[in-house]
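Novice: turn this into a model:
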Amino acid sequence: MQVQSPPYSSFPYVRPLRSTNVASVTRESQWGWPEAFIALQVLWGAVFFVPGAQAYRTYLRAMPYIISAASLLYYFRRATGEPLPAAARWLLASAVLLSVNLLHPTTHLMAGFGQIVFQVSIAAPLFWMGRAVRNERRLTTLVWVLFGSSFLASTVGILQVYFPQRFLPPEFSVLALSLNPDIVSSLTYASADGGSVVRPPGLSDLPGGAAVAGMVTMVLGLTLAIRSNQGWLLRATCLAAAALG
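Specialist: Presented below is the predicted three-dimensional model:
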């Protein structure tokens, strides 16, 4: 049985599926690695709430970048002939420029190479997500996953303000403390009742880390609330989440 994809999409960077079979459409609409990857970017910091996790901080912090780079290798293990997104060309040019800087006489070769790998890992989803997410429905699911994960991190941040003894991480970043022993105290403010409140880290080990999750929750909450054909209950939930963020 053949189905034809819509002639256009409201998401400009999602290329519509060409004529294909129902099994392929169903498979590409199911949950999978892209959704897990998006959730991990937000929820991975929960690992630092495990006592003693700071001893492995370098490996734990590096893991999301390693996963991103590995996904790039996986989805580009064979050529498909599909063009890259227009923005990818600028990122490739930036990577070339970074590589050329390795020739500068004052460049530390290993540090420079590590920086290039780091930047490529950050930019990698722009390249491989286009092959993993093939339709608007799947992209919408990714937005909801990001919204839900950020909402959870924001909620933890709120709880950390009112119940710090229970919800703050047992240890803050040893790297940040080694660079600035006063980082926690400098990111602490006085509450209305005169108590001291550490800026909530959310699902991270850095004071103030919940701010990013709160921003994403607010922006996506408002965006999802004003979508057409949205039920009133879901709309109200999105607005409440945006307010919390």
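
Novice: count the neighbours of residue 224 for me.
Specialist: Neighbours of residue 224 under the rule other C-beta atoms under 10 Å: 20. C-betas here are computed from N, CA, C, even on glycine.

Novice: correct me if wrong: it contacts residue 147.
Specialist: Yes. Proximity of residue 224 to residue 147 meets the contact threshold set by C-beta atoms under 8 Å, at 6.3 Å.

Novice: give the residues shared as contacts by these two.
Specialist: Here residue 224 and residue 147 have residue 238 as joint contacts, going by C-beta atoms under 8 Å, 6 or more residues apart in numbering.

Novice: so which bits of the longest helix along the chain are buried?
Specialist: The residue-count maximum for a helix in the chain (DSSP state H) belongs to helix 136-162. Buried residues in helix 136-162, counted by 16 or more other C-beta atoms under 10 Å: 136, 138-142, 145-158, 160.

Novice: remind me what the helix or strand following that helix packs against, helices and strands.
Specialist: The helix or strand immediately downstream of helix 136-162 is helix 164-167, counting by DSSP states H and E. Counting contacts by 3 or more C-beta pairs under 8 Å, 6 or more residues apart in numbering; DSSP states H and E, helix 164-167 is packed against helix 136-162.

Novice: poorly predicted segments of the chain, please.
Specialist: Applying pLDDT under 70 to the chain flags residues 1-30.

Novice: what ranges do the helices span in it?
Specialist: Assigned by DSSP H, the helices in the chain fall at 22-29, 33-43, 57-75, 86-100, 109-132, 136-162, 164-167, 174-179, 183-186, 210-225, 232-244.

Novice: and residue 43, how far from residue 35?
Specialist: According to C-beta to C-beta, to the nearest Å, residue 43 stands 12 Å off from residue 35.

Novice: which of the two has more neighbours?
Specialist: Taking other C-beta under 10 Å, residue 43 and residue 35 do not tie; residue 35 has more neighbours (19 against 16).

Novice: excluding its backbone neighbours, what's nearest the most centrally placed residue in the chain?
Specialist: The geometric centre of the chain, computed from its C-alpha atoms, lies nearest to residue 41 (C-alpha atoms, centre = their mean), at 4.1 Å. Spatially, and ignoring its direct neighbours in sequence, residue 41 is nearest to residue 64 (5.9 Å; C-beta to C-beta, 6 or more residues apart in numbering).

Novice: so that neighbour is in contact with residue 44, correct?
Specialist: Yes. When contacts are counted by C-beta under 8 Å, residue 64 is listed as touching residue 44 (5.6 Å).

Novice: how long is stretch 48-67 end to end?
Specialist: Start-to-end span of stretch 48-67 (C-alpha to C-alpha, to the nearest Å) is 18 Å.

Novice: just the buried residues of it, please?
Specialist: 48, 49, 53, 54, 57, 60, 61, 64, 65, 67.

Novice: name the helices or strands packed onto the longest helix of the chain?
Specialist: Here helix 136-162 touches helix 22-29, helix 33-43, helix 164-167, helix 210-225, helix 232-244, going by 3+ C-beta pairs under 8 Å, 6+ apart.

Novice: show residues contacting the second one.
Specialist: Applying C-beta under 8 Å, 6+ apart, the contact partners of helix 33-43 are 64, 67-68, 71, 125, 129, 132-133, 138, 141-142, 145-146, 148-150, 152-153, 203, 213.

Novice: for that helix, list the C-alpha coordinates in CSV.
Specialist: Output of helix 33-43 as CSV, limited to C-alpha atoms (Å, rounded to 0.1, in the frame of the first residue of the first chain):
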residue,chain,number,x,y,z
TRP,A,33,16.9,7.1,19.9
PRO,A,34,16.2,10.8,19.0
GLU,A,35,13.7,11.1,21.9
ALA,A,36,16.0,9.3,24.3
PHE,A,37,18.9,11.6,23.3
ILE,A,38,16.9,14.7,23.9
ALA,A,39,15.7,13.5,27.3
LEU,A,40,19.3,12.5,28.3
GLN,A,41,20.6,16.0,27.6
VAL,A,42,18.4,17.4,30.3
LEU,A,43,18.1,14.4,32.7
